[in-house]
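S.K.: Here's my sequence, what's the structure:
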Amino acid sequence: MTMRSTAALTAILVVAPLIAVAPGPQAAASSRPGDSARSAESTLVGGIDLDTVTIPELQARMARGGLSSVRLTLAYLRRIKAVDPKINAVLHTSTTALRQAAASDLRHRLGRTRGPLDGIPVLLKDNVNTRDMPTTAGSLALAGKPPRSDAELVGKLRAGGAVILGKANLSEWANFRAARPTSGWSAVGGQTHNPYVLDRNPCGSSAGSAAALAASLAQVAIGTETDGSIVCPAGMNAVVGLKPSLGLVSQSGVVPISAEQDTAGPMARNVIDTALTLSVLSGGDTAPDLADAAARPGALRGKRIGLWRLPVLGTEVDALMTRTAERLRAAGAEIVEVDLPYQARLAELEFPALLSEFHRDIDAYLATRNGPRDLAELIEFNRSHPREQTCFAGQELFEQALAAPPTTDPEYAAMRAELANLSRRSIDEVMAAHDLDAIASPANPPAWTTDCGRGDNDVIPSSTPAAVAGYPSLSVPAGFVGELPVGLLLMAGNGQDADLLSLGAAVEHRLDGRRPPRYLPTVR
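M.R.: Next up is the predicted model:
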């Protein structure tokens with residue numbers, strides 16, 4: 001094919017889907033005021049429901065010519081414009097999204113698709129470097145010139161044909177700034193709201209990624225986690241979130257807290273889309289026929305799951321865990337009540353270690369960007385910019401990190417070594433003692449009311465063992481406490497991401513714990 005004919009076909013692919021979804025003169029003349037807004041708010045496009053459709057279903061339609069990536073991308077862009085003002089989850093949309101989609105449509109026409117994400121719209125948490133959009137970590141200090149290059153994971157998404165739709169809001173600096181932060185707030189983006197009940201919190205720090213998915217503003221999203229920042233927002237917004245095994249997804253070009261715990265990971269409305277996204281991010285086979293495995297009768301039969309109840313999250317959550325255990329037992333799983341050891345010591349050691357690691361890693365990152373060159377300059381920036389203090393003024397964690405022992409200090413090294421040992425033993429010993437396939441626990445309490453004056457109410461210990469150990473954990477929707485979602489957190493041993501996703505798909509199929517949000521202003 002010549003360059004001229006390729007360009008002509010690309011133009012046709014861009015224009016034709018836009019014509020197909022735009023109302024004609026007769027429809028425009030007969031429409032009533034508000035019809036276009038209601039259409040944009042709908043999750044239906046081309047006979048599919050964005051709220052429930054999976055990537056394999058989308059790819060099948062695109063392969064048959066019944067759907068184009070341009071039409072799909074345009075539908076998500078319209079939903080962002082119509083719905084996002086309610087929840088404030090999306091910071092930026094890409095000016096090249098439709099061109100990316102048109103290029104994917106050309107590949108589909110020519111039979112040259114690049115994999116499962118080709119033509120699929122993806123939102124990135126705004127601490128993931130993009131060369132063509134701002135990357136701010138929610139801070140005005142980084143709101144100037146974009147990074148010089150994409151994060152490595154963004155390069156893999158682009159190489160896989162994904163449509164980079166835009167950037168999602170987050171808890172500023174991934175919630176590692178103030179002692180009493182408010183999750184989902186950043187000086188750049190303001191406050192993200194929980195789509196289920198708008199005065200409730202979305203949890204942090206991948207708040208915008210999770211809330212956008214709950215509201216069907218993208219097919220998949222990328223979050224990041226140091227301890228809980230993927231799995232808690234996923235649970236609190238009734239979506240799926242995977243914190244992969246440490247090192248499976250590159251952290252190059254991602255704003256850091258700690259190289260010893262940080263990882264980016266995929267989030268979606270279902271497990272199969274989460275697994276397919278991980279396969280692109282990691283370059284590995286982490287999505288082995290999950291759709292068939294989940295629906296197969298007996299998929300849970302004989303699986304041994306340890307239930308770590310965590311009654312500190314409240315009686316209503318504990319009752320939901322009881323109902324969850326009953327449903328999994330009815331599907332043939334064996335549920336064993338367990339308690340994970342060493343948690344008090346992990347809680348004692350983790351924070352001091354993170355302070356030292358943050359100082360080291362944020363200094364290295366800031367040296368690559370325009371703006372403050374190190375943590376000391378960042379602290380001074382926040383003191384001199386009132387907009388950085390509009391929700392909470394504190395930056396106690398920054399100040400403590402600046403004074404923390406360096407990572408060359410033997411005392412720090414001993415702390416991190418003990419953390420690694422105890423966190424891994426807390427999972428490995430329990431799984432071995434009870435011959436478990438996974439450990440399950442509640443991912444989150446019901447969402448608390450967002451309040452800048454009070455800050456978060458987020459004592460959520462379930463994420464810590466896998467986060468500190470570097471092991472995978474997966475949050476799937478378990479159900480609701482009233483109108484508020486609660487997730488079931490599954491964790492397993494190091495490198496068992498594919499097995500965990502397969503189990504998660506079966507659990508998801510059995511629990512059917514998700515429903516779309518209603519954007520309620522409040523609940524009693």
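S.K.: for Pro116, helix, strand, or coil?
M.R.: Assigned by DSSP: H, G, I helix; E, B strand; the rest coil, the conformation of Pro116 is coil.
S.K.: What are the neighbouring residues in contact with the closest residue to it other than its chain neighbours?
M.R.: Closest residue in space to Pro116, ignoring its immediate chain neighbours: Leu276 at 4.3 Å, by CB to CB, 6 or more residues apart in numbering. Every residue, glycine included, has its C-beta placed from N, CA and C. Neighbour list for Leu276: Ile55, Pro56, Pro116, Leu117, Ala287 [criterion: CB atoms under 8 Å, 6 or more residues apart in numbering].
S.K.: give me the number of residues near the spatially closest residue to Ile427 that is not a sequence neighbour?
M.R.: Among residues not flanking Ile427 along the chain, Pro465 sits closest, at 5.4 Å (CB to CB, 6+ apart). Neighbouring residues of Pro465 were enumerated by other CB atoms under 10 Å; the total is 27.
S.K.: Measure how far the helix or strand harbouring Pro465 is from the centre of its chain, please.
M.R.: In this structure, Pro465 sits in helix 464-469 according to DSSP states H and E. With CA atoms, centre = their mean, to the nearest Å as the basis, helix 464-469 stands 17 Å off its chain's centre.
S.K.: Would you tell me what the next helix or strand after it is?
M.R.: For helix 464-469, the following helix or strand on the C-terminal side (DSSP H and E) is strand 473-481.
S.K.: For that next one, which strands pair with it and how are they oriented?
M.R.: strand 240-243 (antiparallel), strand 484-491 (antiparallel) (DSSP bridges).
S.K.: Do a quick rundown of the helices in the stretch 351-500 of the chain.
M.R.: 375-384, 396-403, 410-434, 464-469, 497-511 (DSSP state H, counting those that start in this stretch).
S.K.: ok so, going back, need the winner for burial among the strands paired with strand 473-481.
M.R.: Of these, the one with the most neighbours on average (mean count of other CB atoms under 10 Å) is strand 240-243, at a mean of 32.
S.K.: that older thread, helices or strands up against the helix holding Pro465?
M.R.: On a contact count with 3 or more CB pairs under 8 Å, 6 or more residues apart in numbering; DSSP states H and E, helix 464-469 meets helix 343-366, helix 410-434.
S.K.: SS state for the most centrally placed residue in the chain?
M.R.: The C-alpha lying nearest the average C-alpha coordinate of the chain belongs to Gly223 (CA atoms, centre = their mean; 3.5 Å). Of the three states, Gly223 takes strand according to three-state DSSP.
S.K.: ok, and the closest non-adjacent residue to it?
M.R.: Excluding the flanking residues, the one nearest Gly223 by CB to CB, 6+ apart is Ser206, at 3.1 Å.
S.K.: Kindly report the same for Asp199.
M.R.: Leaving out its chain neighbours, the residue that sits closest to Asp199 by CB to CB, 6+ apart is Thr522, at 4.7 Å.
S.K.: Hmm, Met267 and the residue nearest to the centre of the chain touching each other?
M.R.: Yes: applying CB atoms under 8 Å, one finds Gly223 in contact with Met267, separated by 5.0 Å.
S.K.: what sits in contact with each of these two?
M.R.: Common contacts of Gly223 and Met267, defined by CB under 8 Å, 6+ apart, comprise Ser206, Ser209, Ala210, Ile230, Pro233, Ala234, Gly241.
S.K.: Okay, and which of those map to strands?
M.R.: Judged by DSSP state E, the shared contacts of Gly223 and Met267 include Gly241 as members of strands.
S.K.: Now flag whichever of the shared contacts of Gly223 and Met267 is closest to Val154.
M.R.: The closest of those to Val154 turns out to be Ser209 (CB to CB; 14.2 Å).
S.K.: From Asn237, how far off is the closest one?
M.R.: According to CB to CB, to the nearest Å, Ser209 stands 9 Å off from Asn237.
S.K.: Have a look at those two and say which one is more surrounded.
M.R.: More neighbours surround Ser209 than the other of Ser209 and Asn237, with 39 against 36 (other CB under 10 Å).
S.K.: Enumerate every residue touching that one.
M.R.: Residues in contact with Ser209, defined by CB under 8 Å, 6+ apart, are Ala89, Leu123, Lys125, Ala168, Leu170, Ala221, Ile222, Gly223, Pro233, Met267.
S.K.: As a check, name the ranges of all strands in the stretch 201-350 of the chain.
M.R.: Secondary structure of the stretch 201-350 of the chain by DSSP state E, counting those that start in this stretch: the strands cover 220-225, 240-243, 263-268, 304-307, 334-337.
S.K.: which outside residues touch the second one?
M.R.: Contacts made with strand 240-243 from outside it, assessed by CB under 8 Å, 6+ apart, are listed as 206, 210, 223, 225, 230-231, 233-235, 263, 265-271, 273-275, 278, 463, 466-467, 472-477, 487, 497, 500-501, 504, 508.
S.K.: okay, that strand in PDB with CA atoms only?
M.R.: What follows is strand 240-243, C-alpha atoms only, in PDB (Å, rounded to 0.1, in the frame of the first residue of the first chain):
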ATOM      1  CA  VAL A 240     -11.100  -4.700  39.800                       C
ATOM      2  CA  GLY A 241      -7.500  -3.800  40.700                       C
ATOM      3  CA  LEU A 242      -4.400  -5.800  40.600                       C
ATOM      4  CA  LYS A 243      -1.200  -4.900  42.500                       C
END
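S.K.: What mean pLDDT does stretch 386-405 get?
M.R.: If you average the pLDDT over stretch 386-405, you get 97.
S.K.: Next: stretch 311-328.
M.R.: The average pLDDT within stretch 311-328 is 97.
S.K.: For that stretch, buried residues please.
M.R.: By neighbour count on 16 or more other CB atoms under 10 Å, the buried set for stretch 311-328 is Leu313, Val317, Leu320, Met321, Thr324, Ala325, Arg327, Leu328.
S.K.: what's the answer for stretch 303-312, then?
M.R.: Lys303, Ile305, Gly306, Leu307, Trp308, Arg309, Leu310.
S.K.: that older thread, highest mean neighbour count across the helices and strands packed on helix 464-469, which stretch is it?
M.R.: Neighbour counts (mean count of other CB under 10 Å) averaged over each of these peak at helix 343-366, with a mean of 19.
S.K.: Who are the packing partners of it?
M.R.: If contacts are counted by 3+ CB pairs under 8 Å, 6+ apart, helix 343-366 sits against helix 375-384, helix 396-403, helix 410-434, helix 464-469.
S.K.: any idea how far Thr408 is from the nearest residue to Asp273 once chain neighbours are set aside?
M.R.: Leaving aside its sequence neighbours, Asp273 sits nearest to Ile55 (CB to CB, 6+ apart; 4.8 Å). Per CB to CB, Ile55 is found 45 Å from Thr408.
S.K.: quick one, which of those two is more surrounded?
M.R.: The neighbour comparison of Ile55 against Thr408 (other CB under 10 Å) goes to Ile55, with 24 against 9.
S.K.: can you pull the contacts of that one?
M.R.: Taking CB under 8 Å, 6+ apart, we find Ile55 in contact with Pro116, Leu117, Ile120, Gln219, Val220, Ile272, Asp273, Leu276.
S.K.: how about 6 Å then?
M.R.: Applying CB atoms under 6 Å, 6 or more residues apart in numbering, we find Ile55 in contact with Pro116, Ile120, Asp273, Leu276.
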